[in-house]
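Novice: next one to model:
(chains A and B)
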Protein chains: 2
Amino acid sequence: MLISEIGEFGLIERFKKTLRLDHSVIKGSGDDCAVVAIGKGKYLLLTSDMLVEGVDFTSRDAPALIGQKAIAVSLSDIAACAGTPRYALVSVGIRKNARLAFVDRLLKGMRTMAAGFKVNIVGGDLSEAPRLTIDVAMVGQVRKKDLLLRDGAQVGEALCVTGRLGGSRYGRHLTFTPRVKEASFLAGNFNVSSMIDISDGLIQDLGHIADASRVGAVLYEESIPLHKDARSLQEGLSMGEDFELLFTLPRRQLPKLLAACPQVSLIGHIVDKRYGLMMVDRSCRLKQLKARGFTHFSRI
Amino acid sequence: MLISEIGEFGLIERFKKTLRLDHSVIKGSGDDCAVVAIGKGKYLLLTSDMLVEGVDFTSRDAPALIGQKAIAVSLSDIAACAGTPRYALVSVGIRKNARLAFVDRLLKGMRTMAAGFKVNIVGGDLSEAPRLTIDVAMVGQVRKKDLLLRDGAQVGEALCVTGRLGGSRYGRHLTFTPRVKEASFLAGNFNVSSMIDISDGLIQDLGHIADASRVGAVLYEESIPLHKDARSLQEGLSMGEDFELLFTLPRRQLPKLLAACPQVSLIGHIVDKRYGLMMVDRSCRLKQLKARGFTHFSRI
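Specialist: Prediction:
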């Protein structure tokens, strides 16, 4: 049996089941970050993301933008848990005959993005590799009461998203701004019940919230904020790498939310689990959605 | 200019100079772990290591042993700082057509090694990659008074090593036991002043202690404990991946140390910086050593 037959999420589930975790682990793998209780007061957030040439960027992309993305992707994971990013470890696998100027620009991209969010790059590793491979591990902190995971969505709540979706893979995936400040503002000022960053595509990441919270959801097709780069609704629903925040909160907070955050859109609401994921289209017909989006090894 | 012209350590130095770190960073890159003061009481240790097929292991090595090594290498970094390993993030880049049985064994190797040291694998990432690539980021803790870095060696102190050196790359590099317990015992019971794990080779890692501590060192050729797998003295001096601890402490503690730890050898002493690295050979001649050992991109 090949790993492409069970796919990325199948592999992760398979591995997760076999792990034993001690009491300090509030949340192991299966959310944007792992959450551990170490010391008093705050939780520690831990996340890592591996980017590989030919999968997450191409050899024609500007090295500074590749470096920038490598840091930004992990920042987005910390944001999704409403945390403050603090430290990064950067492991780079690169060809022996790479040009020094290329590496300088790659590292400058990392440094600039990290500095913009006051993240300390405290170490990492360098190795030879046939294709450029960058793994960034990031450590963040979050006040216990601000922590947001995927598992708190309640039936009846509103489903919202920051920014605009779709078309990111035509270029924006290299230059997006992680929603660290927005997440912190939302966690501090509203009763947000669940949050995720849209990395795999709206429908698939909504599926992650639905699975973790044991709920269903209805999307309103005409409310989905498509980016000008998006060539179709489908791209807004499943292209992925938008790195916007998808979150739920009580409907009564919508007036205050939409007034305070013009970049936030109301795109649906949470329903009972038995309905699964559905969408109301422009003709007011309700249709079932299948989880679709980006996954490694296989397309589901 | 190619990166092979300045080598792994040149690249790291180049990058380090451009980084700005805040006051919570006790030690950034350039030691076995980064050290950060987050919360009260203990320091947090952060380290990451990337292993690539064809560089750190071969496609013929048993997957369980590859997984085991991936975790053990980071455990050894935490040990070198006398810390307790706590959490690991595991990023794996792997071919789409990999067999599920292979991945199961790889992950089992990781899980077993982590469990043996009570480390929680709390997350990570999976990606497609042309060659198997594993990056493990590890978080540890250390009491402030126990923290050991490379920079505390004093002129006149004894230089010691755990275990036996050389020949590791013939197989032992996949199956070694990281010296976590030994490091903690040494830090808790002796005035160890500096410590490093031997990953790049005895001479090169001794060079790291000498540089960081601004001292020189004299090795005693006949005291270097060669492993039975070592085919020559040279392999004991520079083959690398021994993952034993190299450390310094006041000479007056030697009797107690050598009585308590039969697996520790006295192999030299610390001298003034102007002598550099030297070795007394079996004919009692003193010769200068050049830093030699494993480095990525170039051999120095």
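
Novice: report pLDDT for the residue of chain A most remote from its centre.
Specialist: Farthest-out residue of chain A from its mean C-alpha position, per CA atoms, centre = their mean: A:Asn97, at 33.4 Å. Listed pLDDT for A:Asn97 reads 92.

Novice: check contacts around the closest residue to A:Arg274 other than its chain neighbours.
Specialist: Distance criterion CB to CB, 6 or more residues apart in numbering or on different chains; nearest residue to A:Arg274, sequence neighbours excluded, is A:Gly216 at 6.7 Å. C-betas here are computed from N, CA, C, even on glycine. By CB atoms under 8 Å, 6 or more residues apart in numbering or on different chains, A:Gly216 lies in contact with A:Ala210, A:Ile270, A:Val271, A:Asp272, A:Lys273, A:Arg274, A:Tyr275, A:Gly276, A:Leu277, A:Met278.

Novice: ends of stretch A:248-255, how far apart?
Specialist: Stretch A:248-255 has its terminal residues 14 Å apart, counting by CA to CA, to the nearest Å.

Novice: report the secondary structure state of A:His269.
Specialist: What DSSP: H, G, I helix; E, B strand; the rest coil gives for A:His269 is strand.

Novice: that one: how many residues sit nearby?
Specialist: By other CB atoms under 10 Å in any protein chain shown, 19 other residues sit near A:His269.

Novice: please name the bridge partners of it.
Specialist: Beta bridges link A:His269 to A:Ala158, A:Val218, judged by DSSP bridges.

Novice: ok so, going back, just the ones of the contacts of A:Gly216 in helices?
Specialist: A:Ala210 (DSSP state H).

Novice: mind giving me the PyMOL command for buried ones among the contacts of A:Gly216?
Specialist: To isolate the buried subset of the contacts of A:Gly216 in PyMOL, counting by 16 or more other CB atoms under 10 Å in any protein chain shown, use the following:
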select buried, chain A and resi 210+270+271+275+276+277
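
Novice: near chain B, which residues of the stretch 101-250 of chain A?
Specialist: A:101, A:103-104, A:107-108, A:111, A:115, A:118, A:120-131, A:133, A:135, A:137, A:139, A:141 (CB under 8 Å from any CB of the partner chain).

Novice: point out where chain A drops to low pLDDT.
Specialist: Applying pLDDT under 70 to chain A flags the ranges A:291-295, A:297-300.

Novice: can you pull out the helices in it?
Specialist: Under DSSP H, chain A gives helices at A:7-17, A:63-80, A:100-116, A:180-189, A:202-213, A:233-238, A:254-260.

Novice: comparing these, which comes out most buried?
Specialist: Highest mean neighbour count of these: helix A:63-80, a mean of 26 (counted as mean count of other CB atoms under 10 Å in any protein chain shown).

Novice: angle of it against helix A:202-213?
Specialist: With axes from the mean of the first three to the mean of the last three CA atoms, to 10 degrees defining the directions, helix A:63-80 sits at 30 degrees from helix A:202-213.

Novice: quickly check: helix A:63-80 near chain B or not.
Specialist: No. Figure legend: helix A:63-80 not in contact with chain B (CB under 8 Å from any CB); closest approach 9.5 Å.

Novice: which residues touch the closest residue in space to A:Phe102 that isn't next to it in sequence?
Specialist: Once flanking residues are discounted, A:Phe102 sits nearest to A:Pro63: 5.1 Å by CB to CB, 6+ apart. By CB under 8 Å, 6+ apart, the contact set of A:Pro63 is A:Phe102, A:Val103, A:Arg105, A:Leu106, A:Gly109.

Novice: measure the third one to A:Leu45 for me?
Specialist: If I follow you right, that is A:Arg105. Going from A:Arg105 to A:Leu45 by CB to CB, to the nearest Å gives 29 Å.

Novice: and what of the fourth one?
Specialist: Going from A:Leu106 to A:Leu45 by CB to CB gives 25 Å.

Novice: and what of A:Leu147?
Specialist: As judged by CB to CB, A:Leu147 and A:Leu45 stand 8 Å apart.

Novice: quick check: neighbours shared by those two?
Specialist: In terms of CB under 8 Å, 6+ apart, A:Leu147 and A:Leu45 are both contacted by the residues A:Val35, A:Cys81, A:Gly83.

Novice: and those residues as a markdown table, adding distance to B:Glu244 and neighbour count?
Specialist: What follows is these, written out as a markdown table (distance: CB to CB, whole Å; neighbours: other CB atoms under 10 Å in any protein chain shown):
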| residue | distance to B:Glu244 | neighbour count |
| --- | --- | --- |
| A:Val35 | 35 | 24 |
| A:Cys81 | 39 | 27 |
| A:Gly83 | 38 | 31 |
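
Novice: narrow those residues to those in strands?
Specialist: A:Val35 (DSSP state E).

Novice: let me know the closest of the shared contacts of A:Leu147 and A:Leu45 to chain B.
Specialist: Of all the shared contacts of A:Leu147 and A:Leu45, chain B sits closest to A:Val35, with 8.3 Å by CB to the nearest CB.

Novice: that closest one reaches A:Leu149, doesn't it?
Specialist: Yes. Using CB atoms under 8 Å, A:Val35 is in contact with A:Leu149, at 7.5 Å.

Novice: overlap in contacts, these two.
Specialist: A:Lys27, A:Cys81.

Novice: give the contact list for the residue nearest to the spatial centre of chain A.
Specialist: Centroid-nearest residue in chain A, with CA atoms, centre = their mean: A:Asp197, separated by 3.0 Å. Counting by CB under 8 Å, 6+ apart, A:Asp197 touches A:Asp32, A:Ser76, A:Asp77, A:Ala79, A:Ala80, A:Pro178, A:Arg179, A:Asp205, A:Phe243, A:Glu244, A:Leu245, A:Leu246.

Novice: how about it, nearest residue that isn't a chain neighbour?
Specialist: In space, and not counting its chain neighbours, A:Asp197 is closest to A:Ala80: 4.1 Å by CB to CB, 6+ apart.

Novice: that older thread, okay if I get the helices of chain A as JSON lines plus distance to B:Ser193?
Specialist: JSON lines is the format used below for these (distance: least, CB to CB, whole Å):
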{"stretch": "helix A:7-17", "distance to B:Ser193": "41"}
{"stretch": "helix A:63-80", "distance to B:Ser193": "36"}
{"stretch": "helix A:100-116", "distance to B:Ser193": "33"}
{"stretch": "helix A:180-189", "distance to B:Ser193": "41"}
{"stretch": "helix A:202-213", "distance to B:Ser193": "49"}
{"stretch": "helix A:233-238", "distance to B:Ser193": "58"}
{"stretch": "helix A:254-260", "distance to B:Ser193": "56"}
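
Novice: among the ones you listed, which is nearest B:Arg285?
Specialist: helix A:100-116 (40.3 Å; CB to CB).

Novice: show me what the closest one is in contact with.
Specialist: Residues from elsewhere that reach helix A:100-116 (CB under 8 Å, 6+ apart): A:62-72, A:75, A:88, A:90, A:92, A:94, A:120-121, A:136, B:1-3, B:5-6, B:11, B:14-15, B:18-20.

Novice: how about a cut-off of 7 Å?
Specialist: Helix A:100-116 has contacts (CB atoms under 7 Å, 6 or more residues apart in numbering or on different chains) with A:63-68, A:70-72, A:88, A:90, A:94, A:121, B:1-3, B:6, B:11, B:15, B:18-20.

Novice: now do stretch A:227-239
Specialist: So stretch A:227-239 is contacted by A:164-170, A:172, A:201-204, A:221, A:224, A:226, A:292-293 (CB under 7 Å, 6+ apart).
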